[in-house]
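how would this look folded up:
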Amino acid sequence: MTYIQNGDVRIATQAFGTPGDPALIMVMGATASMLSWPDALVEALGKRGLFVIRFDHRDTGETTTVPPGAADYVVEDMAQDVLAVMDGYGLARAHVVGMSLGGYIGQMLALEHPNRVASLTLIASEPLGWDGAPLPHISDAFMAHFSSMADLDWMYEDAVVAFLSGMDQLSAGTGAPFDAGAAEARARAVLARTDSLASMFNHGTLSTREDWTGRFREIAVPVLVIHGVDDPVLPIENGRAIAGDIAGARIVELDGVGHELPDRALGRIVDEIARFTGATGGADTTR
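I've put the predicted structure just below:
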């Protein structure tokens, strides 16, 4: 682990690949630590000639947390955390990969700091400041499960693991049977890295400081959209809206994939990101 300071926030980071190769920073979604980027994914990208950095958002993992309900930051502050990570690694520019809320953050960075974003890959994301016809969002089943958190005993590990595994199951697509054992292992790994797991749900209370209405259409850096056709949290229409309204953007639709990064899709995702970023192991263009 490498720890980087952004004001009062200490950010836990981890790097894969060779320093000096083109840099790629992975920005995960709401309530998720760096572990939500599978080891197999970041390691494979590192082997394709990218210097890959993943990190824990504030209120997750080994990054600074505040008590549940005490978040005093907004989404734009989380975007500043990404810049702090880049600065900590001495990166003038990086390819940015964002998933879900991480894609929202990535769009902010591409708009406000285009000189620092070499390219933007948006996985299972929604358009920043959407102002068109309403887009479908989180399923009723997921919301019902999420609301059950009010009765969750955070001191009872097995109950917390069951709750997190349930979130994984409700996020999964139809392309393969759900692996409950793997979901439980992921949940226990997350629990082992934080003293305040409930704090990650502070992300559900966050707002934005600025008015981003319609702004995503102004993004001028290269954009790749990767989206699961079965996504029950941010349905595929969200990815299609991004790709349809950003000039030059391309979408890759993953059949049978939900709001997830399943093993069966990792090879395709690695290939698409490596091709899009021009990862060849050659000259570094991100410094």
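
going forward, measure contacts and count neighbours with C-alpha atoms only.
Will do.

Look up how far Glu62 lies from Ala30.
15 Å (Cα to Cα, to the nearest Å).

now do Ile269
27 Å.

what's in contact with stretch 207-217?
With contacts defined as Cα atoms under 8 Å, 6 or more residues apart in numbering, stretch 207-217 is touched by 74-76, 107, 111, 127-131, 242, 245-247.

So which of these is surrounded by the most neighbours?
Highest neighbour count within the contacts of stretch 207-217: Gln107, with 32 neighbours (other Cα atoms under 10 Å).

that older thread, got JSON lines for the contacts of stretch 207-217, with secondary structure and distance to Ala189 too?
Below are the contacts of stretch 207-217 laid out as JSON lines (DSSP: H, G, I helix; E, B strand; the rest coil; distance: Cα to Cα, whole Å):
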{"residue": "Val74", "secondary structure": "coil", "distance to Ala189": "27"}
{"residue": "Val75", "secondary structure": "helix", "distance to Ala189": "26"}
{"residue": "Glu76", "secondary structure": "helix", "distance to Ala189": "28"}
{"residue": "Gln107", "secondary structure": "helix", "distance to Ala189": "29"}
{"residue": "Leu111", "secondary structure": "helix", "distance to Ala189": "35"}
{"residue": "Pro127", "secondary structure": "coil", "distance to Ala189": "31"}
{"residue": "Leu128", "secondary structure": "coil", "distance to Ala189": "31"}
{"residue": "Gly129", "secondary structure": "coil", "distance to Ala189": "34"}
{"residue": "Trp130", "secondary structure": "coil", "distance to Ala189": "35"}
{"residue": "Asp131", "secondary structure": "coil", "distance to Ala189": "39"}
{"residue": "Ile242", "secondary structure": "helix", "distance to Ala189": "33"}
{"residue": "Asp245", "secondary structure": "helix", "distance to Ala189": "38"}
{"residue": "Ile246", "secondary structure": "coil", "distance to Ala189": "37"}
{"residue": "Ala247", "secondary structure": "coil", "distance to Ala189": "40"}
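
Quickly name whichever of these is closest to Leu24.
Using Cα to Cα, Gln107 is the member of those that sits closest to Leu24, with 15.2 Å.

avg pLDDT for the helix or strand hosting Phe276?
Using DSSP states H and E, Phe276 sits within helix 263-277. Mean per-residue pLDDT for helix 263-277: 97.

same deal with stretch 22-33?
Stretch 22-33 comes out at a mean pLDDT of 96.

Quick check: end-to-end length of that stretch?
23 Å.

likewise stretch 3-10?
End to end - Cα to Cα - stretch 3-10 spans 6 Å.

about what we covered before: neighbour count winner among Ile269 and Glu62?
Ranked by neighbour count (other Cα under 10 Å), Ile269 and Glu62 place Glu62 first, with 22 against 18.

which SS class is the closest residue to that one other than its chain neighbours?
Distance criterion Cα to Cα, 6 or more residues apart in numbering; nearest residue to Glu62, sequence neighbours excluded, is Ala12 at 5.7 Å. Under DSSP: H, G, I helix; E, B strand; the rest coil, Ala12 falls in the strand class.

Ser119 now?
Reduced to three states by three-state DSSP, Ser119 is strand.

Neighbours of it, how many?
21.

Same question for Gly267.
Using other Cα under 10 Å, Gly267 has 14 other residues around it.

related to what we said a few turns ago, mind checking how far the residue nearest to Glu62 is from Glu43?
With Cα to Cα as the criterion, Ala12 and Glu43 are 18 Å apart.

Neighbour count: those two, which is higher?
The residue with more neighbours, out of Ala12 and Glu43, is Ala12; 23 against 17, by other Cα under 10 Å.

quick one: contacts for the more buried one?
If you count contacts by Cα under 8 Å, 6+ apart, then Ala12 has 1-4, 55-56, 61-63 around it.

Can you name the residues bridging to it?
Taking DSSP bridges as the rule, Ala12 bridges to Tyr3.

thinking again about what came up before, which one of the contacts of Ala12 is nearest Val221?
Phe55 (22.8 Å).

Verify the contact between that closest one and Ile11 for me.
Yes - taking contacts as Cα atoms under 8 Å, Phe55 lies within contact range of Ile11: 7.0 Å.

Who has more neighbours out of these two?
Per other Cα under 10 Å, whichever of Phe55 and Ile11 has more neighbours is Phe55, with 29 against 25.
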